[in-house]
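> Fold the following and give me the result.
(4 chains)
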There are 2 protein chains.
Amino acid sequence: MERDLRQRLLTVAEDLFARRGYTETRVREITSRAGCNLAAVNYHFGGKRNLYLAVIEERWVPRALRIREEFVRNLHRSPSGPEGVVEALFRAFFQSPFTERESWRHRRLLAQELAQPTEALEIMLSRGLRPLLETIRESLRDRLPPRVSERRLRLTVFSLLGQTLYFHLARPMIQNFLGEPPPEDELLRHVKNFALYGLKGLTG
Amino acid sequence: MERDLRQRLLTVAEDLFARRGYTETRVREITSRAGCNLAAVNYHFGGKRNLYLAVIEERWVPRALRIREEFVRNLHRSPSGPEGVVEALFRAFFQSPFTERESWRHRRLLAQELAQPTEALEIMLSRGLRPLLETIRESLRDRLPPRVSERRLRLTVFSLLGQTLYFHLARPMIQNFLGEPPPEDELLRHVKNFALYGLKGLTG
DNA sequence: AGAGCTACCAAACAATTGTTTGAAACGCAA
DNA sequence: TTGCGTTTCAAACAATTGTTTGGTAGCTCT
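Model prediction:
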């Protein structure tokens, strides 16, 4: 655990916000887990809401940018053609360079903002996700015939992203439907495959 | 508006729960919009939580079952082959037989439970969604070669469902990425197409 | 008409929860 | 050591919010 209380608060807060959502997270629980006084949140961040926004800005956004870097790195090692983009994207999201729990928090915070948008979503999108989406778009553009329109290209990009997100959101549903929690990698393979073929719809 | 106060409360409550989420919805707002006293919720339902569960049981689940009926009906008019299943599913979700706002509420309530599961999700899944998923599975089974394993079949079913859900969740993202709200039908066509080709991944 | 039941209401209640306050502890330069 | 700014703390505060209470109006059945 970090020495600096401010950093410790950010860490604990992100975990709780991701698990329970903003309104269901109590300031008292954050501070008690961080081993400090209730007033610390107001001293360091000026309120619960600002703490939440700080988590987004100082933890979520940098991580989103790192995912993009990882995607670019993966792109060089991936097979050529549009399939390589899907491969690189999934690797960036699910294998590199974070712990399982960290990337779980990452997707979950986004999912919650999508289900119930607040001002935080605007920050996530414009500062974190947009750079990634633009990068994916450019790399897809390079690997697809020029006749594919810019618009369909953009729509496809967010469909690919959606596959990585849905994979996480649907978990409770899958479990109910299959009767057991499916192996992580089987699920991953299936969703990636689905995305791969969905992508083929672009080129016909 | 319904004469019966109990029904009126269910209607107003579902709208607010869908818009703001459970914890952000105030009992006072529900009752004032329903034009009745604060205590009415406790009188008719025995508490806020029970009102929420009643919305799920008496509004959401029946609608989910009606969507399934509509899917079955559409299936007869749809083209043969697995593509017809996608066609029938999307028509059941987006064209029939509800108003735009009603099906918006429907998807949104589900999305919120997926982002932050509670006991209500269990009800939605086992009583409302599971029947639909099983029906889709059977109709796909009839239209696919027998060599496709039961497991991949099931995974594909929830991927198709995911496409109809994501279509709704991603709206704020798409808007940010495209710079403008895209026409509903263009979006619908794209997502359906993506699902169609994803489905092709099953047969190779 | 009168008893009794259901539906509804205004007001009070109690618990939770984010925020503020004023002081104590700490670190460090003069 | 003394003084001062920063950090942390215990306690009180104030607002929100779900729930309860006790009573009233309206209806039905006898």
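> could you point out where chain A is predicted with low confidence?
Applying pLDDT under 70 to the predicted model, the residue ranges of chain A that meet it are A:1-2, A:202-204.
> give me that answer again for 90
Low-confidence regions of chain A, defined by pLDDT under 90, span residues A:1-3, A:79-83, A:87, A:90-91, A:93-100, A:103, A:144-145, A:148-152, A:155-156, A:158-204.
> what's the neighbour count on A:Pro62?
A:Pro62: 12 surrounding residues under other CB atoms under 10 Å in any protein chain shown. Yep, even glycine has a C-beta here, placed from its N, CA and C like the rest.
> quick one: it from DNA strand C, how far?
With the distance defined as CB to the nearest atom of the strand, to the nearest Å, A:Pro62 ends up 24 Å from DNA strand C.
> Phi and psi next, for the residue lying closest to A:Glu87 once chain neighbours are set aside.
Leaving aside its sequence neighbours, A:Glu87 sits nearest to A:Ser78 (CB to CB, 6 or more residues apart in numbering or on different chains; 4.5 Å). Here the main-chain torsion angles of A:Ser78 (degrees, to the nearest 10) amount to phi -90, psi 160.
> if I look at A:Ser78, how far off is A:Leu165?
Look at A:Ser78 and A:Leu165: by CB to CB, to the nearest Å, they are 21 Å apart.
> Contact residues of chain A facing DNA strand C?
Where chain A comes near DNA strand C, counting by CB under 7 Å from any atom of the strand, the residues are A:25-28, A:38-39, A:41-42, A:47-49.
> Output those of these also counted as contacts of DNA strand D.
Contacts with DNA strand D within these, as defined by CB under 7 Å from any atom of the strand: A:38-39.
> Specify which member of the residues of chain A next to DNA strand C is nearest to DNA strand D.
A:Ala39 (3.8 Å; CB to the nearest atom of the strand).
> Which residue is the nearest non-sequential neighbour of A:Ile67?
The spatially closest residue to A:Ile67, leaving aside those adjacent along the chain, is A:Ala92, at 5.2 Å (CB to CB, 6+ apart).
> B:Glu2 versus the one you found, what's the distance?
According to CB to CB, A:Ala92 and B:Glu2 sit 51 Å apart.
> So the two - more neighbours on which side?
A:Ala92 (24 against 12).
> where does the more buried one land in three-state SS?
helix (DSSP: H, G, I helix; E, B strand; the rest coil).
> tell me the contacts of it?
For A:Ala92, the contacting residues are A:67-68, A:70-71, A:74, taking CB atoms under 8 Å, 6 or more residues apart in numbering or on different chains as the criterion.
> thinking A:Leu65 is in contact with A:Gly128, fair?
Yes: here A:Leu65 lies in contact with A:Gly128, judged by CB atoms under 8 Å, at a distance of 6.5 Å.
> More neighbours: which of those two?
More neighbours sit around A:Gly128 than around the other of A:Leu65 and A:Gly128, counting by other CB under 10 Å; the figures are 23 against 15.
> ok, now how distant is the closest residue to that one other than its chain neighbours from chain B?
Nearest-residue entry for A:Gly128: A:Ala64, 3.1 Å, with adjacent residues in sequence omitted and distances by CB to CB, 6+ apart. From A:Ala64 over to chain B the distance is 13 Å, taken as CB to the nearest CB, to the nearest Å.
> Measure how buried A:Ala64 is and give me the count.
Number of residues near A:Ala64 (other CB under 10 Å) recorded here: 20.
> Please name the residues that touch the residue nearest the centre of chain A.
For chain A, the residue whose C-alpha lies nearest the mean C-alpha position (CA atoms, centre = their mean) is A:Arg107; its distance is 3.7 Å. Contacts of A:Arg107 were listed using CB under 8 Å, 6+ apart, and they are A:164-165, A:168.
> SS state for A:Ile123?
Reducing the assignment at A:Ile123 to three states with three-state DSSP gives helix.
> Report the buried members of the residues of chain A next to DNA strand C.
Judged by neighbour count, with 16 or more other CB atoms under 10 Å in any protein chain shown as the criterion, the buried members of the residues of chain A next to DNA strand C are A:25, A:27, A:41, A:48.
> Would you mind listing the residues in contact with A:Gln175?
Shown here is A:Gln175, whose contacts under the criterion CB under 8 Å, 6+ apart are A:181-182.
> typo on my end, it should be A:Ile56
With contacts taken as CB under 8 Å, 6+ apart, A:Ile56 has the following neighbours: A:109, A:120, A:123-124.
> Of all pairs in those, which one is the farthest apart?
The widest separation within the contacts of A:Ile56, taken as CB to CB, falls between A:Leu109 and A:Ile123 and amounts to 11.2 Å.
> measure A:Cys36 to A:Phe45 for me?
13 Å.
> Identify the contacts common to the two.
Counting by CB under 8 Å, 6+ apart, the residues touching both A:Cys36 and A:Phe45 are A:Leu9.
> Toward the C-terminus, what is the element adjacent to the strand or helix carrying A:Tyr43?
Applying DSSP states H and E as the criterion places A:Tyr43 in helix A:40-45. Counting by DSSP H and E, the element after helix A:40-45 in chain order, helix or strand, is helix A:48-55.
> How about stretch A:120-127 and chain B, any contact?
Yes: with CB under 8 Å from any CB of the partner chain as the threshold, stretch A:120-127 lies in contact with chain B, specifically through A:121-122, A:125-126.
> Stretch A:39-48 vs chain B: in contact?
No: shown here: stretch A:39-48 not in contact with chain B (CB under 8 Å from any CB), separated by at least 14.0 Å.
> Which residues does that stretch contact?
When contacts are defined by CB under 8 Å, 6+ apart, stretch A:39-48 is touched by residues A:5-6, A:9, A:27, A:30-31, A:34, A:51, A:54.
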